[in-house]
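Student: fold the following for me, if possible:
(one chain, ligands or ions: 4)
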Amino acid sequence: MVDSTQILLLGLVAALGYMTYHGLRRDPREPTFLPSKIPVVGHALGMLWNGLPYWGRMANENTGFPIFTLDMFFMKVYVISSTEIVRLIQRNDKTVSFDPLLNISTVNFSGIKNKRTLHLMLDKQSGGEGLNAEIMHAMTPTLIGEHLDRMNSIMMRTVERSISALEKSTDFDLYRWLRNIVTAASTEATYGPKNPYKDPEIVDAFWDFEYNLNSLLPNFLPWLTARKAYNGRGKVARAIYEYLEQNGIEGASELERVRYTKSMEREISHEDFAQLEVPMLIGLVSNTVPALFWALFELYSQPELLDEIREEIKQNALSVSENGTYRVDITAIKERCPLTLSTYQEILRWRTTTTPTRMVVKDTILSDQYLLKEGSFVSMPGSTLGRRPDVWGESAGVFNPRRFMKPDPSKDESRKNERRRTGGFMPFGISPIICPGRHFASSEVLGISAMMIIRYDLDPAGGVWKAPSTDTMSMVSIMGAVKGEFPVSIRTRQEYQGTKWGFHCEEGKGQFTLAVG
Ligand code: HEM
Ligand SMILES: *[C@@H]1O[C@H](CO)[C@@H](O)[C@H](O)[C@H]1NC(C)=O
Ligand SMILES: *[C@@H]1O[C@H](CO)[C@@H](O)[C@H](O)[C@H]1NC(C)=O
Ligand SMILES: *[C@@H]1O[C@H](CO)[C@@H](O)[C@H](O)[C@H]1NC(C)=O
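Tutor: Ligands and ions are numbered 1, 2, ... in the order given. Next up, the predicted model:
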């Protein structure tokens, strides 16, 4: 749920002693070692300086190698830029595994101290009982079908109120506003009527934790070295503890009940469960907020595309009921608005910074050719794999809102020769680790964006849509989390002044068939 990749950033430093010893050993059967300009520590410095995008950059500069090794001094990373090799990694998911990385979430982000809890949560390959992975997998069925319907309906009610409240606004910080509505909607849907995040102080405490997550990694005297994150985490955990004591779980989503039940079956204390819940919210909001931001950014900054999409939604997904209430139908967007749906996927492809990462838990040989050594990491940079011309055609490097529409060869000569393969679409991960929250997230992003663009005009402060800088060091957002504010001014569009609004999503139809890698 935490993008595994970015976690490694500071882990580099922590793993120094152990990894140096192993890192210096090279086996001729390992993928080609790429030399660095500065000997020995060059790659490690490149990474500390540039963050995770460094791996993607190396992959882009060395496309001659389908897989290569970066000796990062503290650790070894095999970087992959070929979809064929990605497939081999997917097939070897027992020895090249995601699960060991979950330990970081338990130990460093939750700050769990109890030895028994730590042992329960730790993955089986590392000698634990694998409860963390078990809980993750148990969440998948709770995010589809009727459970998803229920979460969607709470989410829609919550955001509709906030979007309508904008009628009284003129200038506001778009990024912060999105952050707040996504947090409110996702937590109401997850925790139910006694949602501990109803209190704005708890929401702020969570974002203090999230923004300063890196500082918690070393887990060394965190109350001193990571004050903000540590205090934020403590405050949220206490609120969740109160929620548990008041039996808030009774009104919670299936998602939350499953997490709770699985933990209680193993007799994890309420204190520890509350602590483990804090980073869990990262998965629910840390990518949805920037995904939604970039959706609005791309739409409002491209007036022609905006007009087309407004028209498509108006024609196919907007209705007026007898009492005069306007209704945005999310199911109809999914089923009858091909341009909107395609644009959404292209925005994800365009803006994702994902780099799925795995740990080699046992020496593994890929196609009798490449040796991957135990204790090393594998990285599959989406910035490279998601933009390869051999996968995406000649237009790989441009933003094409129609890319994911079914081509109509009679109308669209130019696209006849364009290959359409989904192998490189990684914003929601690659199997077997695919984001189970993608249906909920997609309804959220599409529903909110649709209602926003239909009802309002937005202008950025300064009048020019200039992409704000993103936090490349963020360990948890793979959608380009924005650094700082993004002030905008807003106007209700003439034809919708003084109107009442609602959302609709047909029951049993909450799932999206999106491209996955
Ligand atoms: C646009 C928003 C989102 C994006 C782009 C996104 C992306 C991802 C990605 C790429 C992974 C795989 C991580 C890896 O391979 O390293 C993942 C995993 C996960 N996501 Fe999401 N996610 C989003 C929203 C959500 C939401 C709203 C939820 C929950 C309601 C959620 C729950 C999870 C969980 C539980 C996992 C772990 C799956 C496992 O370990 O089997 N995500 N997500
Ligand atoms: C997490 O914290 C432990 C100490 O509790 C530390 O040994 C380890 O290196 C940390 N992990 C990372 C990835 O920094
Ligand atoms: C997981 O965390 C525990 C507690 O800090 C540590 O002892 C163990 O070595 C870690 N395991 C892995 C595989 O990182
Ligand atoms: C208007 O009608 C719709 C359904 O037709 C209903 O969901 C909504 O609550 C009604 N709104 C008001 C203000 O009566």
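Student: pLDDT score assigned to the closest residue to ligand 1 within the stretch 401-517 of the chain?
Tutor: For the stretch 401-517 of the chain and ligand 1, the shortest gap (CB to the nearest ligand atom) falls at residue 437, measuring 2.0 Å. Quick note: C-beta positions are derived from backbone N, CA and C, even for glycine. According to the predicted model, the pLDDT of residue 437 comes to 95.
Student: my guess is it contacts residue 283. True?
Tutor: Yes: counting by CB atoms under 8 Å, residue 437 touches residue 283, with 6.7 Å between them.
Student: what ranges do the strands span in the stretch 251-400 of the chain?
Tutor: For the stretch 251-400 of the chain, the strands identified by DSSP state E, counting those that start in this stretch occupy 318-320, 325-329, 357-360, 364-366, 370-372, 377-379, in order along the chain.
Student: figure out which of those strands is closest to residue 499.
Tutor: Proximity to residue 499 (CB to CB) singles out strand 325-329 among these, at 5.5 Å.
Student: what lines up beside that closest one in the sheet?
Tutor: Strand pairing for strand 325-329, using DSSP bridges, gives strand 318-320 (antiparallel), strand 500-504 (parallel).
Student: got JSON lines for these, with distance to ligand 3 and mean neighbour count too?
Tutor: As requested, those are arranged in JSON lines below (distance: least, CB to the nearest ligand atom, whole Å; neighbours: other CB atoms under 10 Å):
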{"stretch": "strand 318-320", "distance to ligand 3": "51", "mean neighbour count": "14"}
{"stretch": "strand 500-504", "distance to ligand 3": "43", "mean neighbour count": "17"}
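Student: now render the ones you listed as a markdown table, adding mean pLDDT and distance to residue 309.
Tutor: Rendered in a markdown table, the data for these read as follows (pLDDT from 0 to 100; distance: least, CB to CB, whole Å):
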| stretch | mean pLDDT | distance to residue 309 |
| --- | --- | --- |
| strand 318-320 | 95 | 12 |
| strand 500-504 | 94 | 17 |
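Student: now those strands as TSV including distance to residue 75?
Tutor: TSV is the format used below for these (distance: least, CB to CB, whole Å):
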stretch	distance to residue 75
strand 318-320	52
strand 500-504	47
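Student: setting aside sequence neighbours, what's the nearest residue to whichever residue of the stretch 201-350 of the chain sits closest to ligand 3?
Tutor: Taking CB to the nearest ligand atom as the measure, the stretch 201-350 of the chain has residue 219 as its residue closest to ligand 3, at 7.8 Å. The shortest distance from residue 219 to any residue other than its chain neighbours is 4.7 Å, reached at residue 108 (CB to CB, 6 or more residues apart in numbering).
Student: next one: the one you found from ligand 4, what distance?
Tutor: When CB to the nearest ligand atom, to the nearest Å is the yardstick, residue 108 and ligand 4 sit 46 Å from each other.
Student: let me see the backbone angles for the residue in the stretch 401-517 of the chain that ligand 3 sits nearest to.
Tutor: The shortest separation between the stretch 401-517 of the chain and ligand 3 is 15.9 Å, found at residue 475 (distances taken as CB to the nearest ligand atom). Recorded main-chain torsions at residue 475 are phi -90, psi -10, according to degrees, to the nearest 10.
Student: output the below-cut-off pLDDT ranges for the stretch 401-517 of the chain.
Tutor: Scanning the stretch 401-517 of the chain for pLDDT under 70 picks out the ranges 408-424, 515-517.
Student: cool, and the chain?
Tutor: In the chain, residues with pLDDT under 70: 1-24, 408-424, 515-517.
Student: could you list the domains of it?
Tutor: In terms of domains, the chain is parsed into 4-129+356-379, 174-283, 288-355+393-504 (source: automatic domain parsing).
Student: turn the ones you listed into TSV, columns for distance to residue 162.
Tutor: Listed next are these as TSV, based on distance: least, CB to CB, whole Å:
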stretch	distance to residue 162
domain 4-129+356-379	28
domain 174-283	4
domain 288-355+393-504	9
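Student: can you say which of those domains is nearest to residue 167?
Tutor: Checking these against residue 167 by CB to CB gives domain 288-355+393-504 as the closest, at 5.5 Å.
Student: so the closest one, near ligand 2 or not?
Tutor: No: taking CB under 6 Å from any ligand atom as the criterion, domain 288-355+393-504 and ligand 2 are apart, separated by no less than 9.7 Å.
Student: just stretch 104-118 next, same as before
Tutor: Yes: in terms of CB under 6 Å from any ligand atom, part of stretch 104-118 sits within range of ligand 2, namely 104, 107-108.
Student: okay, those residues in a markdown table with distance to residue 177 and secondary structure next?
Tutor: Compiled in a markdown table, these are given as follows (distance: CB to CB, whole Å; DSSP: H, G, I helix; E, B strand; the rest coil):
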| residue | distance to residue 177 | secondary structure |
| --- | --- | --- |
| 104 | 31 | helix |
| 107 | 34 | helix |
| 108 | 30 | helix |
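Student: in ChimeraX, select just the buried ones from those residues.
Tutor: Buried members of those can be picked out in ChimeraX with the line below, counting by 16 or more other CB atoms under 10 Å:
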select :104,107,108
